[in-house]
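Enquirer: Whatever this is, show me its structure:
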Amino acid sequence: MGSLDGGGTKPGPGGWNRIHFIVDDLSAEVTRLRDAGARFRNDIIEGPGGKQILLQDPSGNVIELFQPGPVVNRAARLRTSPRRQGSAQRIDGHDVGQG
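Expert: As a prediction, this is how the structure comes out:
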């Protein structure tokens, strides 16, 4: 497994700040970007929240690609799904309002 701590490099100005993109299919994006010559700092790391990987743009900026896991995706779908008129919506056991 890779490391998200910078791969042994020391942080420069700005520390470990990075650009963060959420993707639907991390493996497909990694393949596409590798084929285009992108330089990755680690391998895909998978945890309970999803999968992630770091790469560097030509200027050395760190970019994180993130694919949310199923639990995160479910919560996002609940938050963005349309509510029925007059019905209360519950997210993670909490009432969030009436439609």
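Enquirer: Now do the helices in this structure.
Expert: 26-35, 70-80 (DSSP state H).
Enquirer: Can you tell me who residue 54 pairs with across the strands?
Expert: residue 64 (DSSP bridges).
Enquirer: now residue 19
Expert: For residue 19, the residues forming beta bridges with it (DSSP bridges) are residue 63.
Enquirer: I'd say it and residue 65 touch.
Expert: No: in this structure residue 19 lies outside contact range of residue 65 using CB atoms under 8 Å: 9.7 Å. (Each C-beta comes from the backbone N, C-alpha and C, glycine too.)
Enquirer: Between the two, which has more neighbouring residues?
Expert: residue 65 (21 against 11; other CB atoms under 10 Å).
Enquirer: check contacts around that one.
Expert: Under the criterion of CB atoms under 8 Å, 6 or more residues apart in numbering, the neighbours of residue 65 are 21, 23, 26, 29-30, 52-55.
Enquirer: 7 Å instead?
Expert: Neighbouring residues of residue 65 by CB atoms under 7 Å, 6 or more residues apart in numbering: 21, 23, 26, 29, 52-53.
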